[in-house]
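Q: Predicted structure and sequence below. I'll ask about it afterward.
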Amino acid sequence: MVDCNQYLEHEEKFKGLANIRFSFNNHPQVHGYDSQEMTPEQEAVEQEKQKEREVCLTSMAAFVQEHVRIHRKVLRTANCGDSYLWHYSDQRKSNDYQLRLLKLLPPLHNPSFLEEESMQQFCMNPDDTAFDFVERINTNDISIDREDLLPALSCHLCRCRALKFTIERQKDDLSRWAVKEKQEYDRQLNNGQVPTKPLVPLKSARLQFCTTGYGPQINSFQRFGDTLALDCYGQFPTNNYDDRIDEPVVCGWQWSLPRLDRLTILTYTAPLILYPDTLSRCPALEYLCLEDSITSLQHTDNIPSWSPTNFPHLQTLALKCTPARVFHPDTLHNTSDLETLCISIDHVGERHLIPPNQELGHLFGQDN
């Protein structure tokens, strides 16, 4: 379409329209040249394109506004498929139009998944949006210029009662609200009371960290006692891989995750340190992968070995570097279902290096 104005008088015919994606035939792409570098002719062309673009965006908002007025609570989503309408030198103005469009939409209807676009729409009408059905939250794909959504979102997460899967970054820490709920839950149990609110049944969590020292946030997920899977990934190094050693990731303090069946923690250039009894508090594990890339022995000399653990359901065990050195060998006597065992120090490309006997001999009952 050239613009949406020609459709405004026919809005009543779109009574079944629930999702709309605008795509314009005219491409009034604004290049955003510096006006001081443009010739008068170029500046005139740019100004004309600006006007055409304004018509497109204004007509788009007008169409949504009229549709919502005539067919209340029918339209669920509206976006523009032409990226050139959003991305140009005046990013602030683009965001203004986008927010204007979202404000015109009715509140999200019982959302089950929240990502950047739906979070934006939610933030327009947070009090009128039901959170009872939200099962998945993805904050990893939120662009830098939209990170202002996160504080607004975190204020309402306590209303989620069906959350099963979440993706976070360290700086988001969207699960802080669960601390108070867990504390109150434990307090009522200790006082012999029946908890007034059940804990959120978080089924799995995947964390992607972009900074160091994220052990405390990994620990935060023990607030969800029903967690079944936890996957945590540090920042993969892009340079100075062999020499870089980051702040250790220390986690596992007083964990109690009796239903956890999958645990993956990859810290790369940060030494991975678990408390000795951490794994004994996760007896239902079926998949365990713990890896860092610290090849220097001096960084593991003072790390205590893990306590022997009974894993009757463990099928896959993968350990690399620090975790491989502190793993207690007696655990292997209590893994009757073990199918895959991978122990390594580091890898070059696709080839894993076999650890020297003197480093891992304890796994096989060797004293030296």
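A: Structure received.
Q: All the helices of the stretch 201-350 of the chain, residue numbers only.
A: With DSSP state H, counting those that start in this stretch as the criterion, the stretch 201-350 of the chain has helices at 215-220, 322-326.
Q: Make JSON lines out of these and add mean neighbour count, mean pLDDT and distance to residue 340.
A: For every residue, glycine as well, the C-beta is placed using N, CA and C. Below are the helices of the stretch 201-350 of the chain laid out as JSON lines (neighbours: other Cβ atoms under 10 Å; pLDDT from 0 to 100; distance: least, Cβ to Cβ, whole Å):
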{"stretch": "helix 215-220", "mean neighbour count": "19", "mean pLDDT": "77", "distance to residue 340": "24"}
{"stretch": "helix 322-326", "mean neighbour count": "23", "mean pLDDT": "88", "distance to residue 340": "15"}
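Q: can I get these in a markdown table with distance to residue 279?
A: Converted to a markdown table, the helices of the stretch 201-350 of the chain look like this (distance: least, Cβ to Cβ, whole Å):
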| stretch | distance to residue 279 |
| --- | --- |
| helix 215-220 | 14 |
| helix 322-326 | 10 |
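Q: Among these, which comes closest to residue 6?
A: helix 215-220 (52.2 Å; Cβ to Cβ).
Q: Kindly format the C-alpha coordinates of the closest one as CSV.
A: This file holds the C-alpha atoms of helix 215-220, laid out as CSV (Å, rounded to 0.1, in the frame of the first residue of the first chain):
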residue,chain,number,x,y,z
GLY,A,215,27.7,-17.2,40.8
PRO,A,216,25.2,-15.5,43.0
GLN,A,217,22.6,-15.3,40.3
ILE,A,218,23.0,-18.9,39.5
ASN,A,219,22.3,-19.6,43.1
SER,A,220,19.2,-17.4,42.9
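Q: which regions of the stretch 151-300 of the chain sit below the pLDDT cut-off?
A: Across the stretch 151-300 of the chain, the stretches falling below the confidence threshold (pLDDT under 70) are 168-176, 179, 210-211, 223-227, 235-244, 297-300.
Q: now do 50
A: 240 (pLDDT under 50).
Q: Report the rounded mean pLDDT for the longest helix seen in the chain.
A: Longest helix in the chain by number of residues, with DSSP state H as the criterion: helix 40-70. The average pLDDT within helix 40-70 is 82.
Q: Equivalent analysis for stretch 75-83, please.
A: For stretch 75-83, mean pLDDT is 69.
Q: and the closest residue to residue 109 other than its chain neighbours, what does it touch?
A: Residue nearest to residue 109 in three dimensions, not counting chain neighbours: residue 76, with 6.2 Å by Cβ to Cβ, 6 or more residues apart in numbering. Residues near residue 76 by Cβ atoms under 8 Å, 6 or more residues apart in numbering: 18-19, 105-106, 108-109.
Q: Residue 309: which of those is nearest?
A: For these, the nearest to residue 309 is residue 108 (44.0 Å; Cβ to Cβ).
Q: Let's verify the closest one: helix, strand, or coil?
A: coil (DSSP: H, G, I helix; E, B strand; the rest coil).
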